[in-house]
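Undergrad: show me the folded form of this:
(4 chains)
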There are 2 protein chains.
Amino acid sequence: MNPKERRAARHRPPNPEAEPGSRPRRRKDPITVDQVVDTALGLVATEGYEALTMRRLAGALDTGPASLYAHVVNKADLDELLIGRLCAGLVLPEPEPATWREQLRGVCAQVRDQYLAYPGISRAALAMAPTDLETVRVSEGMLAILLAGGVTPQAAAWAADALLLYVAAYCLEISVMRQRKADDDTDWVVDTAELRRRLTALPAETFPHTTRHAAELTAGTGHERFDFTVTLMIDGLAHR
Amino acid sequence: MNPKERRAARHRPPNPEAEPGSRPRRRKDPITVDQVVDTALGLVATEGYEALTMRRLAGALDTGPASLYAHVVNKADLDELLIGRLCAGLVLPEPEPATWREQLRGVCAQVRDQYLAYPGISRAALAMAPTDLETVRVSEGMLAILLAGGVTPQAAAWAADALLLYVAAYCLEISVMRQRKADDDTDWVVDTAELRRRLTALPAETFPHTTRHAAELTAGTGHERFDFTVTLMIDGLAHR
DNA sequence: TCTATATACGAACACCGTTCGTGTCAAATA
DNA sequence: TATTTGACACGAACGGTGTTCGTATATAGA
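TA: Okay, here's the model as predicted:
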């Protein structure tokens, strides 16, 4: 079967006939798509998205790279599957108009934590068209919360998009920083203290505010910066 | 001279002695860093960031890829140079407390237009540590406007970061969409009308809001979505 | 004029995503 | 039961990527 048909079939509603029952076992364990996605996610979780190559993934499955293309159309297709699996793990609350802001913040934090659990995977999320079924599911969930909060449909639609975009960009930045710190063989140092020191060392006449407020620029242990921006956008929606 | 020293020298304040005067001319035109950056930007402008390869860049300069490494440490270093050049072209207004919101929107729009003029280059901006001198220059400019607007230093610092992050992510999404449309040989269709049709075709019982508000989700000719988000964040800062 | 040094660059290395052709086995058919 | 079929696994290869090494060369200074 053509893997493109396979991909199309994946997006189609599952066919209730053709019960899998006892799957035929091939020479080795005949690699399923779920296995591929699982090991790929494991690879990303332990070594980062940059380490996810078709060859290394195939190696982790004890086979050659060509074998993957029986289950996956592309690397882009694999990325889509990964993001889909990741989105499927999100729990979307039942909208409660009284607490819509907390609910929305919770969903954003959930997406962030998922992205950060698989370092660099937000790059794939950003490079992907949000057409995938699982991603529209989370979009639908955020839309539901926003509408329950009394936000106008147009603002809700754009806000959901903006929030997801920001979360992905934030996580990508964090992942890049951490990776920089990982292969620290050079002087790319991005330690917070070192960064602040470097900012204060700038010429004060051309960068007056940067040098004066270097502390604020580098502040934010944990996800305070994240919380600030998400809250800023959500509260901005409320004041309308 | 080691190109890493060259990179370090680039970040140092320019040495007033050692006037270049009449540059020695080598066998061919002895490629300068500015030439490299110029042709690289030209390549990105016409064929997109994905087409920016060391080999193609070398080819555009009528040489081999190895020659580039005399002027550039890395591809990452080249990316940094490109973003630096791009940031250097931005004009940062003198802060006026009365119109700080319009000024900030103007800077964001300027960054957006620069990113979109070089399709896909925002990917490089997102993957880069904001340590570069030219990028802290625009950061400084935004900070100045925000502080002039009466925003508290901590909020100003985080807001500038958030805005730049969102602009980069927005431009990356736009560029990916356009690239998809460019090599349209397959059914990746992301035409606005087609996307709306596909959203309305979803099962209404599981995606009630998505199907009902497909029009709003796909709305936004031009940069209305962009203006919405930027204004949302800026106005959110004002109401504090 | 001669040497020293920074530069240009051909060739190669290791890796990437992807494709082609072939071999092999389980299931359907005769 | 014997045979065909066809989906799958996989070795090998192609064209592309970033990067490095060694060498040739042309200019700057002695």
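Undergrad: ok, the residue of chain A most remote from its centre to B:Val91 distance?
TA: Here the centre of chain A is the reference, and by CA atoms, centre = their mean the most remote residue is A:Glu205, at 40.2 Å. Taking CB to CB, to the nearest Å as the measure, A:Glu205 falls 19 Å from B:Val91. Using the backbone N, CA and C atoms, a C-beta is placed for each residue, glycine as well.
Undergrad: coming back round to it: what secondary structure does the residue farthest from the centre of chain A sit in?
TA: coil (DSSP: H, G, I helix; E, B strand; the rest coil).
Undergrad: same check, this time on A:Leu202
TA: coil.
Undergrad: my read: it touches B:Val136, true?
TA: Yes - counting by CB atoms under 8 Å, A:Leu202 touches B:Val136, with 7.1 Å between them.
Undergrad: who has more neighbours out of those two?
TA: Per other CB atoms under 10 Å in any protein chain shown, whichever of A:Leu202 and B:Val136 has more neighbours is B:Val136, with 20 against 17.
Undergrad: if we can go back for a sec, identify the contacts common to A:Leu202 and B:Val136.
TA: A:Thr210 (CB atoms under 8 Å, 6 or more residues apart in numbering or on different chains).
Undergrad: and the longest helix for chain A?
TA: For chain A, the helix that runs over the most residues, judged by DSSP state H, is helix A:153-182.
Undergrad: please point out which parts of that helix sit buried.
TA: Buried positions in helix A:153-182, judged by neighbour count with 16 or more other CB atoms under 10 Å in any protein chain shown: A:153-177, A:179.
Undergrad: where in chain A is pLDDT low?
TA: Along chain A, the model assigns pLDDT under 70 to residues A:1-29, A:184-190.
Undergrad: so where do the helices sit in chain A?
TA: A:3-11, A:33-47, A:54-60, A:65-68, A:75-88, A:100-117, A:121-126, A:133-148, A:153-182, A:192-200, A:208-212, A:214-217, A:224-238.
Undergrad: pipe the ones you listed into JSON lines and attach distance to DNA strand C per row.
TA: Output for those, formatted as JSON lines (distance: least, CB to the nearest atom of the strand, whole Å):
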{"stretch": "helix A:3-11", "distance to DNA strand C": "8"}
{"stretch": "helix A:33-47", "distance to DNA strand C": "10"}
{"stretch": "helix A:54-60", "distance to DNA strand C": "4"}
{"stretch": "helix A:65-68", "distance to DNA strand C": "3"}
{"stretch": "helix A:75-88", "distance to DNA strand C": "4"}
{"stretch": "helix A:100-117", "distance to DNA strand C": "20"}
{"stretch": "helix A:121-126", "distance to DNA strand C": "11"}
{"stretch": "helix A:133-148", "distance to DNA strand C": "20"}
{"stretch": "helix A:153-182", "distance to DNA strand C": "15"}
{"stretch": "helix A:192-200", "distance to DNA strand C": "27"}
{"stretch": "helix A:208-212", "distance to DNA strand C": "32"}
{"stretch": "helix A:214-217", "distance to DNA strand C": "35"}
{"stretch": "helix A:224-238", "distance to DNA strand C": "30"}
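Undergrad: highest average neighbour count across those helices?
TA: The highest mean neighbour count among those, using mean count of other CB atoms under 10 Å in any protein chain shown, belongs to helix A:121-126: a mean of 25.
Undergrad: any part of that one near chain B?
TA: Yes - using CB under 8 Å from any CB of the partner chain, helix A:121-126 reaches chain B at A:Arg123, A:Leu126.
Undergrad: roughly how far is that helix from the heart of the chain?
TA: Centre-to-centre, helix A:121-126 and its host chain are 5 Å apart (CA atoms, centre = their mean, to the nearest Å).
Undergrad: please apply the same query to stretch A:200-212.
TA: The answer for stretch A:200-212 is 35 Å, by CA atoms, centre = their mean.
Undergrad: name the surrounding residues that touch that stretch.
TA: A:Leu199, A:Ala214, A:Leu217, B:Pro13, B:Val136, B:Arg137, B:Ser139, B:Glu140, B:Leu143, B:Ala144, B:Leu147.
Undergrad: out of those, which two sit at the greatest distance?
TA: B:Pro13 and B:Leu147 (25.4 Å; CB to CB).
Undergrad: closest to A:Leu104 out of the contacts of stretch A:200-212?
TA: Looking across the contacts of stretch A:200-212 and measuring by CB to CB, the closest to A:Leu104 is A:Leu217, at 27.1 Å.
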